[in-house]
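1. what shape does this take:
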Amino acid sequence: MNGISKTICAAAGVLLFAFGPVARADNTGETVFKQKCSACHAADGSGNNFMGKKLNIPDLRSPEAQKLTDAELTDIITKGKNKMPAYDKTLKAEEIKGLVAYIRSIAKK
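-> Residues are numbered from 1 along each chain as shown. The predicted structure follows:
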């Protein structure tokens, strides 16, 4: 491998390292949401599905839900709230952080 090829490979590695985790974190939040949360919160976070209506699930896109701090959302996901189960035993801290980021991303415009 010549000097230019090594430089290009090194630059690509730095870019993948720097930007790769961000893309995976967003994707992880969405994936975990679909796997663990959408059954009650609906795929769009509205709570507008059978279980959401049955359990009177709040709309995660609403200003009321979005005004919760990241720490409050993390606490709810970790410890559970009302009929929502705790996920401290089944999700890693990075997955919970990804969920919080994903909940932020689905906010109503």
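2. how about stretch 40-47: buried residues?
-> Cys40, His41, Ala42, Gly45, Ser46, Gly47 (16 or more other C-beta atoms under 10 Å). In short, each C-beta sits where N, CA and C put it, glycine included.
3. now that stretch, how far from the chain's geometric center?
-> Centroid displacement of stretch 40-47 relative to its chain, using C-alpha atoms, centre = their mean, to the nearest Å, is 13 Å.
4. now secondary structure and pLDDT too, for the buried residues of stretch 40-47, in a markdown table please.
-> Conversion of these to a markdown table gives the following (DSSP: H, G, I helix; E, B strand; the rest coil; pLDDT from 0 to 100):
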| residue | secondary structure | pLDDT |
| --- | --- | --- |
| Cys40 | helix | 96 |
| His41 | helix | 97 |
| Ala42 | coil | 97 |
| Gly45 | coil | 97 |
| Ser46 | coil | 97 |
| Gly47 | coil | 96 |
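5. quick check, nearest of the residues you listed to Lys53?
-> Nearest to Lys53 among the buried residues of stretch 40-47: Gly47, at 7.4 Å, using C-beta to C-beta.
6. pull up the gap between the closest one and Thr78, please.
-> 20 Å (C-beta to C-beta, to the nearest Å).
7. locate the residue positioned nearest the centre of the chain within the secondary structure: which element?
-> Centrality entry for the chain: nearest residue to the mean C-alpha point is Leu99, 2.1 Å, by C-alpha atoms, centre = their mean. Element membership for Leu99 (DSSP states H and E) is helix 93-105.
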